[in-house]
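Trainee: Okay, predicted coordinates and the sequence, questions at the end:
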Amino acid sequence: MAGARRNAPPREEVLAAAMGMIAARGLEKLTMAGLGREVGMSSGHLLYYFHSKDELLLQALEWSEGRLGAERGRLLTRPGAARERLAAYVDLYVPDGHRDPHWTLWLEVWNRSQNADDAARERQAAIEGAWHRDLVALIAEGVSRGEFRPVDADRFATRLRALLDGFSIHVAIGLRGTDRGRVLAHVREFLGETLLAVDV
């Protein structure tokens, strides 16, 4: 067993393989045995490293969020108007379409969080918190530059993310009549009505 552990693929390779399986076949087809075959490990070895499927899913989400967080950081720190960077934030937030693997995973982790321990809930909250802090900072910047109306950045970010979550769930589950394009149009309209300064 020690030799098998030494030859095990790196954690990132396992998590990338899990995300690839979710993208290709859906979350319901992701089993420890199937993932083990994909990366050349037994399901027992996977359980040794991850302890449970819940932990595997949460680590896969953290890994995926780490990549998204890096992309979000690049988008939000690039030069340009705050409103353009806000559009990029929204574009990154909303799923690509039905069964988007990242959102599929998010929905499953949210569902399982009803029975999760405090430590797992804290890790989920950390992911949510990163999105929220970046949005608050961006809104506050836009307000200070006169691009956005004078709103309470934290309160507005909370409400906007609730709107984005609701629409994103509709896109991810493939709710009829709620595709990505329509959602982005709704969000643009909402931001135009509530946040963007009239004279910008």
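Mentor: Yes, it's here.

Trainee: Run through the residues that contact residue 59.
Mentor: For residue 59, the contacting residues are 11, 15, 50, taking Cβ atoms under 8 Å, 6 or more residues apart in numbering as the criterion. C-beta here means a position set from N, CA and C on the backbone, and glycine is covered the same way.

Trainee: Look at the residue nearest to the first one when sequence neighbours are not counted and say how many residues are nearby.
Mentor: The reference is to residue 11. Using Cβ to Cβ, 6 or more residues apart in numbering and skipping residues adjacent in sequence, the residue nearest residue 11 is residue 49, 7.1 Å away. Residues lying near residue 49 (other Cβ atoms under 10 Å) number 14.

Trainee: Is residue 49 within a helix or a strand, and which one?
Mentor: Assigned by DSSP states H and E, residue 49 belongs to helix 43-50.

Trainee: Any idea how far the next helix or strand after that helix is from the middle of the chain?
Mentor: On the C-terminal side of helix 43-50, the nearest following helix or strand under DSSP H and E is helix 53-77. A distance of 7 Å separates the centroid of the chain from that of helix 53-77, by Cα atoms, centre = their mean, to the nearest Å.

Trainee: just checking, next helix/strand downstream of helix 53-77?
Mentor: Sequence-wise, the next helix or strand beyond helix 53-77 is helix 82-93, with elements assigned using DSSP H and E.

Trainee: Which ChimeraX command selects the buried ones in the contacts of residue 59?
Mentor: Those of the contacts of residue 59 that meet the burial criterion (16 or more other Cβ atoms under 10 Å) are gathered into one ChimeraX selection, given here:
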select :15,50
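
Trainee: mind listing what's buried in the helix holding residue 49?
Mentor: By 16+ other Cβ under 10 Å, the buried positions in helix 43-50 come out as 45, 46, 47, 50.

Trainee: Mind checking the pLDDT average for that helix?
Mentor: The predicted model gives helix 43-50 an average pLDDT of 82.

Trainee: Repeat that for stretch 136-143.
Mentor: Averaged over stretch 136-143, pLDDT sits at 97.

Trainee: in it, what counts as buried?
Mentor: Buried residues in stretch 136-143, counted by 16+ other Cβ under 10 Å: 136, 138, 139, 140, 141, 142, 143.

Trainee: May I ask which helix or strand encompasses the last one?
Mentor: Using DSSP H and E, the element containing residue 143 is helix 118-144.

Trainee: just checking, next helix/strand downstream of that helix?
Mentor: helix 153-173.

Trainee: and the direction of that next one versus that of helix 82-93, what angle?
Mentor: Direction vectors for helix 153-173 and helix 82-93, defined by axes from the mean of the first three to the mean of the last three Cα atoms, to 10 degrees, enclose an angle of 40 degrees.

Trainee: Going by neighbour count, which residues of helix 153-173 are buried?
Mentor: So for helix 153-173, counting by 16+ other Cβ under 10 Å, buried means 153, 156-157, 160-161, 163-165, 167-172.

Trainee: who does the helix holding residue 143 touch, helix- and strand-wise?
Mentor: Helices and strands in packing contact with helix 118-144 are listed as helix 53-77, helix 82-93, helix 153-173; criterion 3 or more Cβ pairs under 8 Å, 6 or more residues apart in numbering; DSSP states H and E.
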